[in-house]
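K.L.:
all I have is the shape, not the residue letters:
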């Protein structure tokens, strides 16, 4: 079983990317392949799905996405091909929040998710996600998270603003952005 694959994206198709790692091209299905750039080096967290007639790799930019995907595919009636579009069209925070609040309407907006499956997702996952999927664990955000915690903010509040922070900015600018969002 693979945990992640590092390499350069060499091809982008409508449902998958190809990643070159030491001369081997891995075809990795991902929710939104167009968030990747050809020629760019990535660490892609992968899940290897083995079936009788095929072996498939599903990839994610963040470890938290993979963790949520693994939780979703364990829901009765929800396989890899149904769970991937959920992550492609929804944010991690939004999905976790919808499950915790039993928001069936939010879950039904995803492709192929009807009321029955939405209720099953809530039944199987409610109360099981907060402790396991902590957005503050993202390595890229460690300094920012620690700074905000030192200023007295709680992980829950920090989790809500992290996706809205421009990670390309210097730490000082990221802290300013986060504080503006936290004070709203």
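P.N.:
Cool, got the structure. Predicted model only: the values in this text are computed from it and were never measured.

K.L.:
now do residue 98: how many residues are near it, please.
P.N.:
Number of residues near residue 98 (other C-beta atoms under 10 Å) recorded here: 21. (Each C-beta comes from the backbone N, C-alpha and C, glycine too.)

K.L.:
now swap in residue 144 and tell me
P.N.:
22.

K.L.:
got the contact list for it?
P.N.:
Shown in contact with residue 144 (C-beta atoms under 8 Å, 6 or more residues apart in numbering): 162, 165, 171, 174, 175, 178.

K.L.:
let's see that with 6 Å instead.
P.N.:
Residue 144 makes contacts with residue 174, as judged by C-beta atoms under 6 Å, 6 or more residues apart in numbering.

K.L.:
what's the answer for the one 4 residues further on, then?
P.N.:
Listed by C-beta under 6 Å, 6+ apart, the contact set of residue 148 reads 158, 178.

K.L.:
how about the strands in this structure?
P.N.:
With DSSP state E as the criterion, the chain has strands at 4-12, 16-21, 24-29, 41-50, 55-60.

K.L.:
including mean neighbour count, could those go into TSV?
P.N.:
Shown next, in TSV, are the strands of the chain (neighbours: other C-beta atoms under 10 Å):
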stretch	mean neighbour count
strand 4-12	15
strand 16-21	18
strand 24-29	16
strand 41-50	16
strand 55-60	19
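
K.L.:
nearest to residue 73, out of those?
P.N.:
strand 41-50 (8.0 Å; C-beta to C-beta).

K.L.:
ok, and what's touching that closest one?
P.N.:
1-2, 4-6, 8, 56-60, 63, 66, 80.

K.L.:
could you work out the most separated pair of those residues?
P.N.:
8 and 80 (24.9 Å).

K.L.:
give me the spatial nearest neighbour of residue 118, chain neighbours excluded.
P.N.:
residue 107 (3.8 Å; C-beta to C-beta, 6 or more residues apart in numbering).

K.L.:
residues contacting the one you found?
P.N.:
Residue 107 neighbours (C-beta under 6 Å, 6+ apart): 98, 113, 118, 121.

K.L.:
ok, 10 Å please
P.N.:
86, 90, 94-95, 98-99, 113-115, 117-122 (C-beta atoms under 10 Å, 6 or more residues apart in numbering).

K.L.:
ok, back up a step: dump the strands of the chain into a markdown table; add distance to residue 182 and mean pLDDT as well.
P.N.:
Output for the strands of the chain, formatted as a markdown table (distance: least, C-beta to C-beta, whole Å; pLDDT from 0 to 100):
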| stretch | distance to residue 182 | mean pLDDT |
| --- | --- | --- |
| strand 4-12 | 31 | 96 |
| strand 16-21 | 35 | 96 |
| strand 24-29 | 35 | 96 |
| strand 41-50 | 28 | 95 |
| strand 55-60 | 27 | 95 |
